[in-house]
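A.B. asks: quick check, what structure comes out for this input:
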Amino acid sequence: MENLQTKDFYCDFVLNNKIQVEKVKETENVLAFYHTNPSWTTHIVIIPKQHITRFVDVENMDLIKEIFQTAQDIIKEKGFAESNYRIRTNGGSFQESQHLHFHLLSGEEIKDTERE
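C.D. replies: Residues are numbered from 1 along each chain as shown. From the prediction side, this is the model:
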């Protein structure tokens, strides 16, 4: 199996279809899919289809609007508004994959021992 530890997992593997992901929602510019190694009972990743490294690198604010519209649609469709949800992104040394991405989390956090 290929080494999945790259600087841009999303461009290198997800968007190039080198690994299969379960899509939740897709638009012209945005892809939302279930995380391949979830840390919450519902863990969805939302990414722009074009390569953007960090949130501070975004020049087209319409893209951010589309990302958050996608998140809002998923929250409504899945009924998370009536239970719980969290949207998170990381930057700087907190960002493992060098591709802008947002985590949409709902349910319960999965402990590390439960994930293995």
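
A.B. asks: need the single longest helix in this structure, by residues.
C.D. replies: Ranked by number of residues, the top helix in the chain under DSSP state H is helix 61-78.

A.B. asks: in its sheet, what does the very next helix or strand once past that one sit against?
C.D. replies: Per DSSP states H and E, the first helix or strand lying C-terminal to helix 61-78 is strand 86-88. For strand 86-88, the paired strands and their directions (DSSP bridges) read strand 102-109 (antiparallel).

A.B. asks: average pLDDT for the strand it pairs with?
C.D. replies: Across strand 102-109, pLDDT averages out at 96.

A.B. asks: from the middle of its chain, how far away would that strand be?
C.D. replies: Here strand 102-109 is found 10 Å from its chain centre; the criterion is Cα atoms, centre = their mean, to the nearest Å.

A.B. asks: show the backbone phi and psi for the most centrally placed residue in the chain.
C.D. replies: Nearest to the mean C-alpha position of the chain, by Cα atoms, centre = their mean, lies residue 45 at 1.7 Å. Residue 45 adopts backbone torsions of phi -110, psi 130, taken as degrees, to the nearest 10.

A.B. asks: just to revisit the earlier point, tilt between the longest helix of the chain and strand 102-109?
C.D. replies: 30 degrees (axes from the mean of the first three to the mean of the last three Cα atoms, to 10 degrees).

A.B. asks: same for helix 61-78, what does it pack against?
C.D. replies: Using 3 or more Cβ pairs under 8 Å, 6 or more residues apart in numbering; DSSP states H and E as the contact test, the elements touching helix 61-78 are strand 23-26, strand 30-34, strand 40-48, strand 102-109. Backbone N, C-alpha and C define where each C-beta goes, glycine included.

A.B. asks: relative to strand 40-48, how tilted is it?
C.D. replies: If you take the same axes, to 10 degrees, helix 61-78 sits at 150 degrees to strand 40-48.

A.B. asks: quick one: buried residues of helix 61-78?
C.D. replies: The neighbour-count check on helix 61-78 (16 or more other Cβ atoms under 10 Å) flags 63, 66, 67, 70, 71, 74, 75, 78 as buried.
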